[in-house]
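Student: Curious how this folds, go ahead:
(chains A, B, C and D)
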Number of protein chains: 2
Amino acid sequence: MVQRNPEMLRGTVELLILTTLRGGPRHGFGIARWLEQTSDDELQLEEGSLYPALHRMERRGWLESEWGISDNNRKVKLYRLTSRGRARLQSETEGWAAFAAAIGKVLQAAEAV
Amino acid sequence: MVQRNPEMLRGTVELLILTTLRGGPRHGFGIARWLEQTSDDELQLEEGSLYPALHRMERRGWLESEWGISDNNRKVKLYRLTSRGRARLQSETEGWAAFAAAIGKVLQAAEAV
DNA sequence: CGTCTATACTTAGACAACGTATGCATAGAT
DNA sequence: ATCTATGCATACGTTGTCTAAGTATAGACG
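Tutor: The predicted structure follows:
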């Protein structure tokens, strides 16, 4: 999903999807486009990662879906956060902050050498 | 390697190892302990991840190793950065910065909603 | 009307990497 | 003599991402 190191995405895809849905229901394709635009093309979620992730998250009760019609008159599956999804978003956000801070500490400590 | 979401490590293990070795040669166990301490226990690199990663990175020419004796009189395998490893460290560091910045943008954009 | 393109969802299979668990070895302490 | 901490190695299972292929259809364009 990212150019330089595709492995880096692991574990953040769900955070990104949850975050995207914070602003209201969206369909899969729309989620991917929003992430791409918002990250200035840095984050590219492939379909083979996106849809399985959505199914997984729905299975876990973080998301709910329903079929609908998009602005451009297309059949789309709209996903929305459940309350469990909202809680998960919270903890994932905290987890990311802690993780990023930890990496930051390590990088800084090594710089000091 | 991290508590909340073990998947988040993916792709950063090599960055972390390269970073640790920036300050000079170290052995595997020492790398893990340094990372743990420097990150205030946030980052815990398991042996089953650490050693395969070291072998992988040596195979790719980013590291060199030689057997030696540690301060506490133990046989250890000391790893050091090669020039290719140093270059890789540079690009991984940049990759991380870009990635973290992208995530930051997304989180911020969603907050604004 | 037919074709092309962009949108939209799905899923099988390959691949990579992390963790669990286990095994081995040994220095120093008790 | 035994125990603990240190130190390295690796088989195996799990997980998640990507590639690739397939299906479907709206709208543009001729």
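Student: is any part of the longest helix belonging to chain A close to chain B?
Tutor: Longest helix of chain A, by residue count under DSSP state H: helix A:83-111. Yes: judged by CB under 8 Å from any CB of the partner chain, helix A:83-111 and chain B are in contact via A:91-96, A:98-103, A:105-107, A:109-110. Glycine gets a C-beta too; all of them are placed from N, C-alpha and C.
Student: So which bits of chain A are right by DNA strand C?
Tutor: A:7, A:27-30, A:33, A:47-48, A:50-52, A:54-55, A:70, A:72, A:74-77 (CB under 7 Å from any atom of the strand).
Student: how many neighbours does residue A:23 have?
Tutor: Counted with other CB atoms under 10 Å in any protein chain shown, the neighbours of residue A:23 add up to 14.
Student: From DNA strand C, how far off is the most centrally placed residue in chain A?
Tutor: For chain A, the residue whose C-alpha lies nearest the mean C-alpha position (CA atoms, centre = their mean) is residue A:16; its distance is 1.9 Å. Counting by CB to the nearest atom of the strand, to the nearest Å, the gap from residue A:16 to DNA strand C is 15 Å.
Student: still on that earlier bit, just confirm yes or no for the longest helix of chain A near DNA strand D.
Tutor: No: using CB under 7 Å from any atom of the strand, we find that helix A:83-111 stays clear of DNA strand D, coming within 11.7 Å at best.
Student: on that earlier part again, list the residues that contact the residue nearest to the centre of chain A.
Tutor: By CB atoms under 8 Å, 6 or more residues apart in numbering or on different chains, the contact set of residue A:16 is A:35, A:43, A:45, B:103, B:106.
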